[in-house]
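Peer 1: When you get a sec, could you give me coordinates for this:
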Amino acid sequence: MAPLSLIDILSNEYLLLSTTPYLLPTELLSLSCCSHSFQNLIIHSRSAWRNLNLSVSPHQPKPSTSTAVATRPSVPLYQTEFTRLLNKPFVLRDVRTLVLDGLPVTVDLLTDLLSPQYRLSLLSIRECTHINEPQLMLLLQYLVRPSRPAGTPSLKGLYYFSSMDAPGGIFPTLTNGPPRSRGRFVAAPKLTAEWAAIMHATSDAIAYDTRLCTGARHADSGELAVASVRLPPKCAGCHTAPSAHAAAPVLLPPVPITTSDVRAACRGPTEADVLRCEACVRDRWCEGCGKWWCEACALKVEKKLVTFDCYECGAMCGDCAKGTNMTCKSCRGGYCIKHNEGADNTWCEWCNSTERRVRNATQSHHRAGVPPPVPSHLHRHAHIATPQMRARNLARLNALRASVAPTRFKEEAIVRVGVRRGCVVGN
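Peer 2: Below you'll find the model as predicted:
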């Protein structure tokens, strides 16, 4: 039996679908140039371009439409001119998962991609700075209009609010690492009432990488807010999980590369996490360890559950504050040892500085009537301040005056320098 060749292996649709997501678009196009068999496989197969990832790395410079930036060798050509790749008929014909994180995507391009002639299921446009948000909201509202054709929209999941994965294109499952840590995962500019209204109108058709907050304050007032904080599944006080009544599914990072099913995109290690807006967990959430307390437990406790002592650390519980908040033994002021540069476990940054210590020592000696000590860096120059050295310097100065400008100093008295009993005498 003859050994199988590469074209025989990739002719299997399952193996092709499991292999091509790990290849760059340029590598797929290069593979199609090897032979007519590979060209027919790449162009006519329905699985070669099913999952397309064109995103940039978070540490990579963002592509731009300007010539100066587009010619940088660090930015691949398929990212600066990604529209040329998408315009190929055999690419968008089969794409179901499209990742465009960090690229200069516009709403006009998204309108073409989400048209009924294409069948996009999952779309990721995180950190795309060229998107006009009001126009994007109108586009999403148009997709779920009541008069839309049956079976539309084809879009089932949209990654937009969270941060993009790292890096795109090259072995994403190996480089993305574990899911992002809990805490804030939505930028503040996207937490608007307009986005909350759009998510509420499209919740039955499109899933997002966040959802509307289902806290008690929203259930009572009916106010809509976008969830921006990811919390552990259970309360730190009663160790119970809040009831997820009619909670919308949430897309979890990273974007799946071997499937376009929105249900698979919503499964992950953080699937059971609680999503709340920051207003619902204010004074009940520790930003250090991530613990949170439900409304019932917060009412039972009389003291504050978290304190806001450091701006960089944020709200901290008592256990986390013990390791970072210190009290200076000199000024008795509080400080954060993690973000107060120059401080240690005993002194704060101001009291630990050399100038403050010298100043305190000088003031204490003045109060006691004792001359202040000479700084250590002046000890090696103490012999310069003797009377003999001062007399010698004056003699050198007189000689210099006489040699440089004798007529200028003829009216002046000649200074005679002598040493009498350790003093300088002049006539």
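Peer 1: from here on, contacts and neighbour counts on C-alpha atoms
Peer 2: Fine.
Peer 1: Can you tell me the element the nearest residue to Ala315 once chain neighbours are set aside falls in?
Peer 2: Excluding its sequence neighbours, the residue lying closest to Ala315 (Cα to Cα, 6 or more residues apart in numbering) is Phe308, at 4.5 Å. Phe308 is part of strand 306-310 when elements are defined by DSSP states H and E.
Peer 1: partner strands of that strand, parallel or antiparallel?
Peer 2: With DSSP bridges as the test, strand 306-310 is paired with strand 314-317 (antiparallel).
Peer 1: Contacts for the strand it pairs with next, please.
Peer 2: Here strand 314-317 makes contact (Cα atoms under 8 Å, 6 or more residues apart in numbering) with 283, 285-288, 305-309.
Peer 1: same question for the helix or strand that it is followed by, mean pLDDT?
Peer 2: Next along the chain after strand 314-317, taking DSSP H and E as the criterion, comes helix 318-324. Helix 318-324 carries an average pLDDT of 83.
Peer 1: Give me the contact list for helix 318-324.
Peer 2: Under the contact criterion Cα under 8 Å, 6+ apart, helix 318-324 has outside partners 288-289, 305-307, 336-338.
Peer 1: got any ranges where the protein has weak pLDDT?
Peer 2: 1, 57-80, 166-182, 244-246, 354-388, 404-427 (pLDDT under 70).
Peer 1: what's the residue closest to the geometric middle of it?
Peer 2: Centroid check for the chain by Cα atoms, centre = their mean gives Ser163 as the closest residue, at 7.9 Å.
Peer 1: what about it, helix or strand, and which?
Peer 2: Short version, using DSSP H and E: Ser163 is in no helix or strand.
Peer 1: Name the helix or strand for the nearest residue to it once chain neighbours are set aside, please.
Peer 2: Nearest in space to Ser163, with sequence neighbours left out and distances taken as Cα to Cα, 6+ apart, is Arg126 at 6.2 Å. In this structure, Arg126 sits in neither a helix nor a strand according to DSSP H and E.
Peer 1: Mind giving me the packing neighbours of the helix ranked longest in the chain?
Peer 2: In the chain, taking DSSP state H as the definition, the longest helix is helix 387-404. Helix 387-404 sits against strand 418-420, strand 423-425, with contacts defined as 3 or more Cα pairs under 8 Å, 6 or more residues apart in numbering; DSSP states H and E.
Peer 1: CA atoms only for it - export them in PDB, please.
Peer 2: Provided in PDB are the C-alpha atoms of helix 387-404 (Å, rounded to 0.1, in the frame of the first residue of the first chain):
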ATOM      1  CA  PRO A 387      43.100  79.700  59.100                       C
ATOM      2  CA  GLN A 388      46.400  78.600  57.400                       C
ATOM      3  CA  MET A 389      44.500  77.600  54.300                       C
ATOM      4  CA  ARG A 390      42.600  80.900  54.200                       C
ATOM      5  CA  ALA A 391      45.800  82.900  54.500                       C
ATOM      6  CA  ARG A 392      47.400  80.900  51.700                       C
ATOM      7  CA  ASN A 393      44.400  81.500  49.400                       C
ATOM      8  CA  LEU A 394      44.500  85.300  50.100                       C
ATOM      9  CA  ALA A 395      48.200  85.400  49.200                       C
ATOM     10  CA  ARG A 396      47.500  83.600  45.900                       C
ATOM     11  CA  LEU A 397      44.700  86.000  45.100                       C
ATOM     12  CA  ASN A 398      47.000  89.100  45.600                       C
ATOM     13  CA  ALA A 399      49.700  87.600  43.400                       C
ATOM     14  CA  LEU A 400      47.100  86.900  40.700                       C
ATOM     15  CA  ARG A 401      45.800  90.500  40.800                       C
ATOM     16  CA  ALA A 402      49.300  91.900  40.500                       C
ATOM     17  CA  SER A 403      50.200  89.700  37.500                       C
ATOM     18  CA  VAL A 404      47.000  90.300  35.500                       C
END
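Peer 1: next one: it to chain centre, how far?
Peer 2: Offset of helix 387-404 from its chain centre (Cα atoms, centre = their mean, to the nearest Å): 66 Å.
Peer 1: about what we covered before: from Val255, how far out is the residue nearest to the centre of the chain?
Peer 2: Per Cα to Cα, to the nearest Å, Ser163 is found 12 Å from Val255.
Peer 1: Next: Ala225.
Peer 2: Distance from Ala225 to Val255, counting by Cα to Cα: 25 Å.
Peer 1: what about stretch 257-276, how long is it end to end?
Peer 2: Stretch 257-276 has an end-to-end distance of 28 Å (Cα to Cα).
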